[in-house]
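**Q** From the sequence below, what's the structure:
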Amino acid sequence: MEKRAFLAVALMAAVLILYQTFLAPPPQEPPPASQQQPTAEKTAPPPAAPVSKPAESPSAVPPVAAAEPRPPQRLARISAPLYDAVVSSEGGKFQEFTLKYRGEKPMVILGDLGPAGLVIGPADGSTASPVPMQLSTETLTVAPDKPAPELVLTGTYEGLRVRETVTFRADTFAVEAHVRLENPSSTPRAARVALPWFTRQDWRDEKLKERFQGQHPTQIVWSGNGHVTHDDNLCKITPLSGEGQWIGMGSVWYMSALVPQSAGFKLVAQGDDKACESKAKEPVGRATIAVQASPTIAPGQAWEGRVTIFIGPKEYDRLKAFGLEGAINFGGFPIPRQWGGLPMEWLGVPILLIMNWVYRHVGNYGVAIILLTVVSKVLFYPLTVKSMRSMKAMQALQPQINALRNKYKSDPQRLQRETMDLYRQHKVNPMGGCLPMVAQIPIFYALYLALSVSVELQNATFLCIGQLFGVHLWICDLASHDPTYILPILMGVTMFIQQKLTPTAGDPRQAKMMLVMPFVFTFMFLNLPAGLVLYWTVSNVLQIAQQKLMDRPKAKAAH
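**A** Numbering: from 1, shown residues only. Okay, here's the model as predicted:
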């Protein structure tokens, strides 16, 4: 065994010696010191020759003009009473835009949500990119004494001179963008100009959702030919490219909207239908909206376009100032389409305006909701009284109706005739207890919707005592659920009491089943906004008070 190992080692040594002697390439000698140059020196371009120096040889090939490098990105910081923003020299896009509205609300998440800036490309629709530009300043302050300062960005695109003037205002969340393209050449030039805004189609990062609660876009909405369309599924976006008044992207409470102020723009919306089907942790699909124009600029002429960019909360008055009030989706009352439907903004908008008017006088949205509920109950008090009286009359006839059921249980038609005769004899309308309540349902439903879409309730306090172990005591945000769950439990208790006091005119077994509803509603309301639960609780308390008021004459007669 040792001889074989020794023989193997000897053979390996022999092979190595033979390779080094006959097969290995000879070592290269280093060049002289005079020929050695640093790598950076080799790659550096030769110095430009003076203009007056003639070419050394007529056969010399002129150097190829290299593409002009993009200038480094610069940022301008804007401080305004309603927001803070950071504008990039790359197309004038917003790197940051944080609302100062009931706390800080970021509306831009770099790479995931926000504008792409001023994008220019060939008119044939091929790839476009943000225009690198120069900033007129790197700091801008918007204040009452400086209500409308301007940030001017200048650049070029394939010979066209590009100028974008962005105007910020102290009293609004809107920004005005004025784009100007000049053609100094001797031939007509065509280009495609767009101001896009994009977002993820499928938000899967729960941490981001918590940090940017309420600002994540969940819908695309646009106005065209006087009709507002809501596309509520970002995973299945209906492609859009046409004329219209405005287009926006937002959630229930916040939105970013593009409003063309000059002719020639069209609205664009698009997305990747397969993006949400991906099982990847970070989906790549984007939903994009834009206003886009394709001007042809004559030699020596210029094209100008103006766009209003609204980035803010969906307060009705602020939206209406720019014609965007249709972005608030009140929905429609669920009645058959053949009846024409009932647009709930007819009722929801007045209720919303009244609530805001009351708030301006009392300074607390919780108190405003209570007062609004009281007013609605007072207005419908006559109908409520009529309904209760009809139900009490039905309850008084219940023993006779039960006797008829036992007597004619094998003859349903005879039972129906006898029952109706009994109602006519005592002048009781079996629908009298329902019709007055049906008349109130649209109003109560509109009030429910007005509270559910009201951004004013976000971070609005009612009875905010403080915090204990990081939990608010008691209601410090009417747009969020009650963290102590006291209010939903109170709602369930008041609903149970109301059910017990309400006269029952039907089957006793059915009445017992109705007593289960308060428990069901309590679980349903646990995670609903506290403003809605407050409205429902107050409504129950007022209903109990009305019932007690009607029972008072009966109680006095008994004594």
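
**Q** low-confidence ranges in the stretch 151-300 of the chain?
**A** 204-211, 213, 275, 278-284 (pLDDT under 70).

**Q** hey, where'd the strands end up in the stretch 301-450 of the chain?
**A** Along the stretch 301-450 of the chain, counting by DSSP state E, counting those that start in this stretch, strands occupy 302-313.

**Q** Output the below-cut-off pLDDT ranges for it.
**A** Within the stretch 301-450 of the chain, the stretches with pLDDT under 70 are 332-342, 432-437, 439.

**Q** 50 instead, please
**A** Low-confidence segments of the stretch 301-450 of the chain, defined by pLDDT under 50: 337-338.

**Q** Which secondary structure elements does the lengthiest helix in the chain sit against?
**A** When the chain is parsed with DSSP state H, its longest helix is helix 530-558. Helix 530-558 sits against helix 365-379, helix 381-396, helix 435-452, helix 486-501, helix 517-525, with contacts defined as 3 or more C-beta pairs under 8 Å, 6 or more residues apart in numbering; DSSP states H and E. Bear in mind the C-beta positions are built from the backbone N, C-alpha and C, glycine included.

**Q** what distance separates the shortest one from the centre of its chain?
**A** Meaning helix 517-525. On the basis of C-alpha atoms, centre = their mean, to the nearest Å, helix 517-525 sits 29 Å off its chain's mean C-alpha point.

**Q** burial count for the residue nearest to residue 461 when sequence neighbours are not counted?
**A** Counting by C-beta to C-beta, 6 or more residues apart in numbering, residue 461 lies nearest to residue 476, which is 5.0 Å off, once chain neighbours are set aside. Residue 476: 20 surrounding residues under other C-beta atoms under 10 Å.

**Q** how about residue 476, what does it touch?
**A** 459, 461-462, 464 (C-beta atoms under 8 Å, 6 or more residues apart in numbering).

**Q** top of those residues by neighbour count?
**A** Top of those by neighbour number is residue 462, holding 22 neighbours under the definition other C-beta under 10 Å.

**Q** mind pulling up the phi and psi values for that one?
**A** phi -120, psi -70 (degrees, to the nearest 10).

**Q** tell me the contacts of the closest residue to it other than its chain neighbours?
**A** Distances taken as C-beta to C-beta, 6+ apart place residue 366 nearest to residue 462, at 3.0 Å, with adjacent residues excluded. Contacts here follow C-beta under 8 Å, 6+ apart; on that basis residue 366 touches 460-463, 475, 478, 531, 534.

**Q** How about residue 465?
**A** 473-474.

**Q** Give the rounded mean pLDDT of the host helix or strand of it.
**A** Taking DSSP states H and E as the criterion, residue 465 maps to strand 463-468. Mean per-residue pLDDT for strand 463-468: 76.

**Q** Out of the contacts of residue 366, which end up buried?
**A** Buried subset of these (neighbour count, 16 or more other C-beta atoms under 10 Å): 460, 462, 475, 478, 531, 534.

**Q** got a list of what the residue nearest to the spatial centre of the chain touches?
**A** Closest to where the C-alpha atoms of the chain average out (C-alpha atoms, centre = their mean) is residue 251, at 1.8 Å. Applying C-beta under 8 Å, 6+ apart to residue 251 gives the contacts 214-219.

**Q** Same check on residue 125?
**A** residue 192.

**Q** and the gap between it and residue 287?
**A** Distance, residue 125 to residue 287, by C-beta to C-beta, to the nearest Å: 19 Å.

**Q** Please report phi then psi for residue 193.
**A** Main-chain torsions, residue 193, degrees, to the nearest 10: phi -110, psi 130.

**Q** Now it: closest residue in space that isn't a chain neighbour?
**A** Nearest one to residue 193, counting by C-beta to C-beta, 6+ apart, is residue 293 at 5.0 Å.

**Q** do residue 218 as well
**A** Closest residue to residue 218 apart from its sequence neighbours, by C-beta to C-beta, 6+ apart: residue 251 at 5.0 Å.

**Q** where's that neighbour relative to residue 113, distance?
**A** Separation of residue 251 from residue 113 (C-beta to C-beta): 11 Å.

**Q** now swap in residue 386 and tell me
**A** On the measure of C-beta to C-beta, residue 386 and residue 113 end up 53 Å apart.

**Q** Same drill for those two, tell me which one is more crowded.
**A** Taking other C-beta under 10 Å, residue 386 and residue 113 do not tie; residue 113 has more neighbours (23 against 16).

**Q** Not counting sequence-adjacent ones, nearest residue to the more buried one?
**A** residue 199 is the one closest to residue 113 (C-beta to C-beta, 6+ apart), at 4.7 Å.

**Q** and that neighbour, backbone torsions?
**A** Torsion angles, degrees, to the nearest 10, at residue 199: phi -160, psi 170.
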